[in-house]
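[1] Model the following, please.
(one chain, ligands or ions: 3)
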Amino acid sequence: MGSNATNWKLEAHPNMPKGKILAMIVLDGWGEQIKDEYNAIHVAPTPCMDSFRETAPDRWRLVKAHGPAVGLPTEDDMGNSEVGHNALGAGRIFAQGAKLVDSAIATGKLFKGEGFNHIKEAFPTGTLHLIGLLSDGGVHSRYDQLQGLMKGAVENGCKRLRVHALTDGRDVLDGTSFKFLEMLENDLKELREKGCDAQVASVGGRMYVTMDRYDNDWNVVKRGWDAQVLGEAPHKFTNALEGLKKLKEADPKFNDQYCPAFVIVDEAGKPVGPIVDGDAVVTINFRADRMIMLAKALEWEKFDKFDRVRVPKIRYAGMLQYDGELKLPTKYLVDPPEIDRTSGEFLVKNGVRTFACSETVKFGHVTFFWNGNRSGYFDNKLEEYVEIPSDSGITFNEQPKMKALEIGEKARDAILSKKFDQIRVNLPNGDMVGHTGDLKATIVACEAADKAVKLMVDAIEQVGGIFVITADHGNAEDMAKRNPKTGEPIKDKDGNIQILTSHTCAPVPFIIGGPGLAKEIKLRKDLPTAGLANVAATVMNLHGLVAPSDYEPSMVEWVQ
Ligand SMILES: O=C(O)[C@@H](CO)OP(=O)(O)O
Ligand SMILES: [Mn+2]
Ligand SMILES: [Mn+2]
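    Ligands and ions are numbered 1, 2, ... in the order given. A predicted model of the protein is given here:
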């Protein structure tokens, strides 16, 4: 159903009361798993989070946050913030970017679409540049999709191809950049044998080059621009794999996420793949948040975030359209999921005054992702979104408390002000620090998140409200790579574990409580496989409203 035909009115719930102030708390990267010394949440003192399960076990359950439950292709796909918050906000399961790209490539539809036709025009005389994450994490991109795209491009007349690779180490194990770069080099060699001049043109680590988000640090995007567009970088090598090896040897702290930018040069020292007038560019990530800044730099005429020096006239397409409101980029290879009629829009249209808050690195999660990848307000009279500036230029194990307390305080004040009906936050700590692989720091991070939860829960207590606590996917609860059969951490001959920086496939807690929660409101027992998409209808009920009939069912019921 398109927005025009939408009936926005939600009926009053026959029993559940309206008008309770509701705190919706998302702990980013907070799953439920084996409780051993590599579970940072288990090791950290988290008295507030522990208390819910101990004192009200009937108001505590687990929900699915990975795989098909959040619109990902398979049960092996770990959850992530985009799909998790999309499901939380939209109340339904949409086939997500990963799946949509898979099918567009498999059916060949991708190569017949408007976006591909747009870039194809450049093939006879220009170069096709592919920029994106070199990984099979399935969170932002997948290697087999890059492969499919390269193959299809060559079959459709691409004669010159350059790959600008961003190394991962966040959704996949650190150190795997070598393996992926080698795979890429082999595939490029095959394309050369087919007559396409195909090469790697530049490389950089995702967290240091290009993939910033929510305007946290434009220097990251600038470093990428310099290497990818201008062909300038602090390091130059004639071979990408060798370059990676040399950089690793030179720096004991080297890791894939923060690999410095380097460009590939020819024997004469000239960069092999700067982006120039007449070229085509595709940003190959399907996930939006960390491609939007680059998309703006590539597409926007008016742009003042950094000096682009030279702005080539290119044919640009995103793998998907990354922002539905900004229509960015204008051209894309695969239609994004049409996430419409989100709970945020429904609630605002039914008069629910909403406050949303996080720090920069997760700000878009409780706004943009929550609202179906749309930036901005539905109604600025009823909504207020507050962004607390994140630290930038550091890895978060250096400041593991991040801005948790500031977020908690802002939310507490919003609750106590009684100006809002829903106060929604994301607490980033477990996730952002978990991604650094630093177990000690992640323990500190989890403790800080727990303290922030306490601030909000105490405020809800004071105003007689309701709290809902959940997470978007796992991360901090597992910091070790495990044997899939035994669950035991994999250790090397010196007894060292292999650090797990990625998200997990674990379920996440779902907790309700607060003095405003009538004793008749119970968690249903007949939805054992409920997932994040069941949260929206639940929250609508707790606001005293009946959810739309096509939403995944509510997890609460009224039992006299
Ligand atoms: O940092 C990110 O981009 C992802 C991991 O790739 O994490 P999250 O989905 O939690 O934002
Ligand atoms: Mn997340
Ligand atoms: Mn994460």
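[2] ok, now which ones touch A23?
    Counting by CB atoms under 8 Å, 6 or more residues apart in numbering, A23 makes contact with 411, 415, 422-425, 456-457, 459-460, 465-468, 514. From N, CA and C alone the C-beta is placed, and that goes for glycine too.
[3] Inside helices: which ones of the residues you listed?
    A411, I415, M456, V457, A459, I460 (DSSP state H).
[4] helix/strand/coil for the closest residue to ligand 2 within the stretch 151-300 of the chain?
    Residue nearest to ligand 2 within the stretch 151-300 of the chain: D289 (10.2 Å; CB to the ion). Classification of D289 using DSSP: H, G, I helix; E, B strand; the rest coil returns coil.
[5] so how far is K331 from the closest residue in space to it that isn't next to it in sequence?
    Nearest residue to D289, sequence neighbours excluded (CB to CB, 6 or more residues apart in numbering): R213, at 4.3 Å. From R213 over to K331 the distance is 21 Å, taken as CB to CB, to the nearest Å.
[6] So these two - more neighbours on which side?
    Just comparing R213 and K331: by other CB atoms under 10 Å the higher neighbour count belongs to R213, 23 against 18.
[7] Spell out which residues of the stretch 1-150 of the chain are next to ligand 1.
    Neighbours of ligand 1 within the stretch 1-150 of the chain, by CB under 6 Å from any ligand atom: D28, G29, N80, S81, V139, H140.
[8] between those, which has the most around it?
    G29 (36 neighbours).
[9] Which parts of the stretch 451-560 of the chain are strands?
    Listed from the start of the chain, the stretch 451-560 of the chain has strands (DSSP state E, counting those that start in this stretch) covering 466-471, 508-513, 521-523, 556-558.
[10] Return the residues of the stretch 301-450 of the chain in contact with ligand 2.
    D431 (CB under 5 Å from the ion).
[11] Please, where are all the helices along the stretch 301-450 of the chain?
    In the stretch 301-450 of the chain, the segments counted as helices under DSSP state H, counting those that start in this stretch are 343-349, 360-363, 404-417, 429-434, 439-463.
[12] Who are the packing partners of the shortest one?
    Helices and strands touching helix 360-363, as assessed by 3 or more CB pairs under 8 Å, 6 or more residues apart in numbering; DSSP states H and E, comprise strand 383-388, helix 429-434.
[13] what does the chain have sitting close to ligand 2?
    Neighbours of ligand 2 within the chain, by CB under 5 Å from the ion: D28, S81, D431, D472.
[14] Model confidence score at the closest residue in space to the third one that isn't next to it in sequence, please.
    The shortest distance from D431 to any residue other than its chain neighbours is 2.7 Å, reached at G29 (CB to CB, 6+ apart). At G29, the pLDDT value in this model is 98.
[15] what does P484 give?
    Per-residue confidence at P484 stands at 89 (pLDDT).
[16] for A5, same thing?
    So, for A5, pLDDT stands at 80.
[17] Pull up the gap between it and ligand 2, please.
    33 Å (CB to the ion, to the nearest Å).
[18] Same check on D478?
    D478 is 14 Å from ligand 2, by CB to the ion.
[19] What of S141?
    According to CB to the ion, S141 stands 17 Å off from ligand 2.
[20] wait, which of the residues of the chain next to ligand 2 is closest to ligand 2?
    Taking these together and measuring to ligand 2 by CB to the ion, the closest member is S81, at 3.1 Å.
[21] got a list of what that closest one touches?
    Per CB under 8 Å, 6+ apart, neighbours of S81: D28, D289, K362, H365, F369, D431, D472, H473.
[22] Go again with 6 Å.
    H365, D472 (CB atoms under 6 Å, 6 or more residues apart in numbering).
[23] ok, back up a step: return the most buried member of the strands of the stretch 451-560 of the chain.
    Stretch with highest mean neighbour count among the strands of the stretch 451-560 of the chain: strand 466-471 (a mean of 26; mean count of other CB atoms under 10 Å).
[24] Relative to the whole chain's centre, how far out is that one?
    20 Å (CA atoms, centre = their mean, to the nearest Å).
[25] Quick check, R424 in contact with R353.
    No - look at R424 against R353 with CB atoms under 6 Å: they stay out of range, at 11.6 Å.
[26] In terms of packing, which of the two has more residues around it?
    R424 (26 against 19).
[27] Contact partners for that one?
    With the criterion set at CB under 6 Å, 6+ apart, R424 makes contact with M24, A356, V366.
[28] tell me which of those is nearest to ligand 2?
    Nearest member of the contacts of R424 to ligand 2, counting by CB to the ion, is V366, at 10.7 Å.
[29] so what's the backbone phi/psi at D77?
    phi -80, psi 120 (degrees, to the nearest 10).
[30] One more: the one 3 residues further on?
    For N80, the backbone dihedrals (degrees, to the nearest 10) come out as phi -150, psi 170.
[31] Distance of the closest residue to ligand 2 within the stretch 251-400 of the chain relative to G67?
    Per CB to the ion, H365 is where the stretch 251-400 of the chain lies closest to ligand 2, at 6.6 Å. Separation of H365 from G67 (CB to CB): 20 Å.
[32] Please apply the same query to K362.
    From K362 across to G67, the span is 22 Å (CB to CB).
[33] ok and the residue in the stretch 51-200 of the chain nearest ligand 1?
    Across the stretch 51-200 of the chain, the shortest distance to ligand 1 (CB to the nearest ligand atom) belongs to S81, at 3.1 Å.
[34] Got the phi and psi for that residue?
    phi -60, psi -40.
[35] Give me the phi and psi for the nearest residue to H503 once chain neighbours are set aside.
    In space, and not counting its chain neighbours, H503 is closest to M78: 4.3 Å by CB to CB, 6+ apart. Dihedral pair for M78: phi -70, psi 160, per degrees, to the nearest 10.
[36] Contacts only, for M78.
    So M78 contacts H66, H503, T504, C505 (CB under 6 Å, 6+ apart).
[37] Flag every residue of the protein that's near ligand 1.
    D28, G29, N80, S81, V139, H140, R170, D171, R290, D431.
[38] any idea how far the closest residue in space to the first one that isn't next to it in sequence lies from V281?
    If you skip the residues right next to it in sequence, D28 has D431 as its closest partner in space, 3.8 Å away by CB to CB, 6+ apart. According to CB to CB, D431 stands 30 Å off from V281.
[39] ok, now H473?
    Taking CB to CB as the measure, H473 falls 31 Å from V281.
[40] Check the burial of the closest residue to A476 other than its chain neighbours by counting its neighbours.
    Excluding its sequence neighbours, the residue lying closest to A476 (CB to CB, 6+ apart) is G430, at 3.5 Å. Using other CB under 10 Å, G430 is surrounded by 30 other residues.
[41] how about G430, what does it touch?
    L27, G29, W30, A445, C446, A449, N475, A476.
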